[in-house]
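Visitor: Next come a sequence and a model predicted from it.
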Amino acid sequence: MSTPTPADIWASSDYAPTAARLRPAALAVAEEVAARVRSGAHVLDLGAGHGQGAAKLVARGFRVTALDPTPAMVEIGRARVPEADWVLADGEHTGLKGGAVDAIASSFAAMICDPCAGPAEWARVLAPGGTLVMTAWDGRGFLAEMTDRMTAAVAPAGQAPHTPPHMRWAQDGVAAERLGPWFADVRVEHRDLTWDFPSVEAGMELYLEGSPTHTWSLAMAGDRRQALLEALRGHLEECAGQDGAIRSSAGYAMITATRR
């Protein structure tokens, strides 16, 4: 079997329900850029998805290049935010000229890039003194617990689960280590994102139909698919209140840095 591409994963189900959940963080990234970078500057929205962050950046007066590796995302994003320049590419191979942008904004997308190749490419396309603003999940709350359950459910027998690279960005010292060769003033600020469901079944519906990462994981789980489903449902059930609703939050990190 060939190695899956980001486009394979993100096109595996409808992204819109997940995009709606992540919207507050995308807007927070845009606002952080606006607080640090002059209006009119050139901003790369890396992993732009459906264009929520790009729309906010355009509204704040930036020239925006919106990049995503999934054709369907680019098509939807271009229709929603035609003012941005949409590019089909991934975060390790943007195709942009060196020093082409003044800032990079990324909401839960840069974190998925290869932790070596990604930062090297971001540094290449950023002008000296340029700003990086990205979010990544941290070890707190609903999504961290869910990820641990998923990892344990699909781990081969006798093999201890490990923390995926994209879930390590917010750990002490990791962002500084990964970005340090090219960036200065690396800062990690922990925040929270509401992560509620009206019921366990609503949560399972998101996993099965509205979250590409879950849909892909289930498709690739092979004979561990049932164990993965049970882990996801069990976690939702444990988090549900007496009325059956899940009221929770997902911890994430706002990571900022300056290109040397």
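Guide: Arrived safely, thanks for sending.
Visitor: All the helices of the stretch 151-260 of the chain, in order from the start?
Guide: Remark: helices assigned in the stretch 151-260 of the chain by DSSP state H, counting those that start in this stretch are 174-179, 200-205, 212-220, 225-239.
Visitor: among the ones you listed, which is nearest residue 51?
Guide: helix 212-220 (16.4 Å; CB to CB). For the C-beta atoms, the positions are set from N, CA and C on the backbone; glycine is no exception.
Visitor: helices or strands up against the closest one?
Guide: If contacts are counted by 3 or more CB pairs under 8 Å, 6 or more residues apart in numbering; DSSP states H and E, helix 212-220 sits against helix 6-10, helix 225-239.
Visitor: same thing but at 6 Å, please
Guide: In terms of contacts (3 or more CB pairs under 6 Å, 6 or more residues apart in numbering; DSSP states H and E), helix 212-220 is packed against helix 6-10.
Visitor: what comes into contact with the helix it packs on?
Guide: Helix 6-10 is contacted from outside by 69-70, 90, 212, 216, using CB atoms under 6 Å, 6 or more residues apart in numbering.
Visitor: just checking, next helix/strand downstream of it?
Guide: Using DSSP states H and E, the next helix or strand after helix 6-10 towards the C-terminus is helix 16-36.
Visitor: Could you identify the helix or strand that succeeds that following helix?
Guide: strand 42-46.
Visitor: quick check: angle from that next one to helix 16-36?
Guide: With axes from the mean of the first three to the mean of the last three CA atoms, to 10 degrees applied, the angle from strand 42-46 to helix 16-36 works out at 150 degrees.
Visitor: in its sheet, what does strand 42-46 sit against?
Guide: strand 63-68 (parallel), strand 101-107 (parallel) (DSSP bridges).
Visitor: now the first one: mean pLDDT?
Guide: Just to be clear, that refers to strand 63-68. When pLDDT is averaged along strand 63-68, the result is 99.
Visitor: Alpha carbons only: can I get it in CSV?
Guide: Output in CSV follows, covering the C-alpha atoms of strand 63-68 (Å, rounded to 0.1, in the frame of the first residue of the first chain):
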residue,chain,number,x,y,z
ARG,A,63,-2.4,40.2,1.6
VAL,A,64,-3.1,36.4,2.1
THR,A,65,-1.8,33.3,0.4
ALA,A,66,-4.0,30.4,1.6
LEU,A,67,-2.3,27.0,1.2
ASP,A,68,-3.8,23.6,1.6
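Visitor: Of all the residues in stretch 23-40, which ones are buried?
Guide: Buried residues in stretch 23-40, defined by neighbour count with 16 or more other CB atoms under 10 Å: 23, 25-30, 32-34, 37.
Visitor: would you put the C-alpha positions of it in PDB?
Guide: Presented in PDB, the C-alpha positions along stretch 23-40 are these (Å, rounded to 0.1, in the frame of the first residue of the first chain):
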ATOM      1  CA  ARG A  23     -13.200  28.300  14.200                       C
ATOM      2  CA  PRO A  24     -12.500  30.100  17.500                       C
ATOM      3  CA  ALA A  25      -8.900  29.000  17.400                       C
ATOM      4  CA  ALA A  26      -8.500  30.000  13.700                       C
ATOM      5  CA  LEU A  27      -9.800  33.500  14.600                       C
ATOM      6  CA  ALA A  28      -7.500  33.700  17.600                       C
ATOM      7  CA  VAL A  29      -4.500  32.900  15.300                       C
ATOM      8  CA  ALA A  30      -5.500  35.700  12.900                       C
ATOM      9  CA  GLU A  31      -5.900  38.200  15.800                       C
ATOM     10  CA  GLU A  32      -2.500  37.200  17.100                       C
ATOM     11  CA  VAL A  33      -1.000  37.900  13.700                       C
ATOM     12  CA  ALA A  34      -2.800  41.200  13.500                       C
ATOM     13  CA  ALA A  35      -1.300  42.200  16.900                       C
ATOM     14  CA  ARG A  36       2.200  41.500  15.700                       C
ATOM     15  CA  VAL A  37       2.400  42.300  12.000                       C
ATOM     16  CA  ARG A  38       1.700  45.500  10.100                       C
ATOM     17  CA  SER A  39      -1.500  45.700   8.100                       C
ATOM     18  CA  GLY A  40      -0.900  45.100   4.400                       C
END
